[in-house]
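Student: only geometry, no sequence info:
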């Protein structure tokens, strides 16, 4: 048996959120080298501030300035920092209770080894050189008695209150597919569409799953399918978004290949989006042979064949 395919996979996007009056004031303060918490109904000062009282659930709005120094309540050592974390060298994550606050905030502490940090340790803020109104305006914390003076005053971006915050979100991992999926992907590299048939219900699954979800038995019989099929359901995409490769409007549709019993999602191009309909006959438009690899992206899109539509009754049970 050939080794299943495995490759690094990264999912990322920029998460954009509106902050509201409480968090907006907090990050605006960070931009201006000022840390504020908010007082709850029980008198506790929350840093970072919470928008609603943990006790009464009522909106909060009494802001309280707190210090730039604090105490480590607990910590964890990070020997191998990941891309995008506050520091590129080993550091400690710590829960830090700032002077004047009653709750702790999570941030990085810049020390060279786990022997240099402990619960109860006093630390202070190291401000970022450029501040924009974000939690990263606090670059990290350092020991309060570390050599050197606290960072010199540096300018933040001038302007009014910060109301929007953008945070990049990234997930990187090694993705390994099953032996059945590997055969499907290797087939695509040769321009072939390979499914598997259930020995009990005779349904053909593409991409293959290795087992029939209905009967719970292995699907070992391979079936090569044509690159023609029908549109079962579809969606016209009218809204632009970050990273979009096709200008709206365009159609994302579930394609049921001839001889298959499960549809898969792909693009339908080659006609006006308003012309796409359920039952429309389509054919795969493959990329040039030199661009093929072990990916369904080898099929650039599906496009109409011009043949008569399939009757609804012929695919209704596949919806």
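Tutor: It's in. All figures in this text were calculated on a predicted structure; none of them were measured in a lab. Numbers count the residues shown, from 1 in each chain.
Student: hey, let's count contacts and neighbours off CA atoms from now on
Tutor: Noted.
Student: just list the residues touching residue 273, thanks.
Tutor: Listed by C-alpha atoms under 8 Å, 6 or more residues apart in numbering, the contact partners of residue 273 are 236, 249-251.
Student: nope, residue 143 is what I was after
Tutor: 109-111, 121-124.
Student: could you single out the nearest of these to residue 214?
Tutor: Nearest to residue 214 out of the contacts of residue 143 is residue 109 (C-alpha to C-alpha; 52.5 Å).
Student: for that closest one, name its beta-bridge partners.
Tutor: Note on residue 109: beta-bridge partners by DSSP bridges are residue 92, residue 141.
Student: just confirm it contacts residue 91, I think it does.
Tutor: Yes: taking contacts as C-alpha atoms under 8 Å, residue 109 lies within contact range of residue 91: 6.1 Å.
Student: who has more neighbours out of these two?
Tutor: residue 109 (29 against 23; other C-alpha atoms under 10 Å).
Student: could you pull out the helices for the stretch 51-200 of the chain?
Tutor: For the stretch 51-200 of the chain, applying DSSP state H, counting those that start in this stretch gives helices covering 179-189.
Student: kindly report the same for the stretch 201-319 of the chain.
Tutor: Going by DSSP H, counting those that start in this stretch, the stretch 201-319 of the chain shows helices at 312-315.
Student: all the strands of it, residue numbers only.
Tutor: 204-205, 221-225, 228-237, 250-257, 264-268, 281-286, 299-304 (DSSP state E, counting those that start in this stretch).
Student: buried residues, the longest one. List them.
Tutor: With burial defined by 16 or more other C-alpha atoms under 10 Å, the residues of strand 228-237 counted as buried are 228-234.
Student: tilt between it and strand 281-286?
Tutor: 90 degrees (axes from the mean of the first three to the mean of the last three C-alpha atoms, to 10 degrees).
Student: tell me the strands beside strand 228-237, with direction?
Tutor: Here, using DSSP bridges, strand 228-237 pairs with strand 250-257 (antiparallel), strand 281-286 (antiparallel).
Student: let me see the mean pLDDT of it.
Tutor: Across strand 228-237, pLDDT averages out at 97.
Student: can you check stretch 296-311 too?
Tutor: Rounded mean pLDDT across stretch 296-311 is 97.
Student: try stretch 143-151
Tutor: Rounded mean pLDDT across stretch 143-151 is 74.
Student: for the stretch 151-300 of the chain, which residues score under the pLDDT cut-off?
Tutor: 151-158 (pLDDT under 70).
Student: ok, now with 80
Tutor: Judged by pLDDT under 80, the stretch 151-300 of the chain has its weakly predicted residues at 151-159, 242-243.
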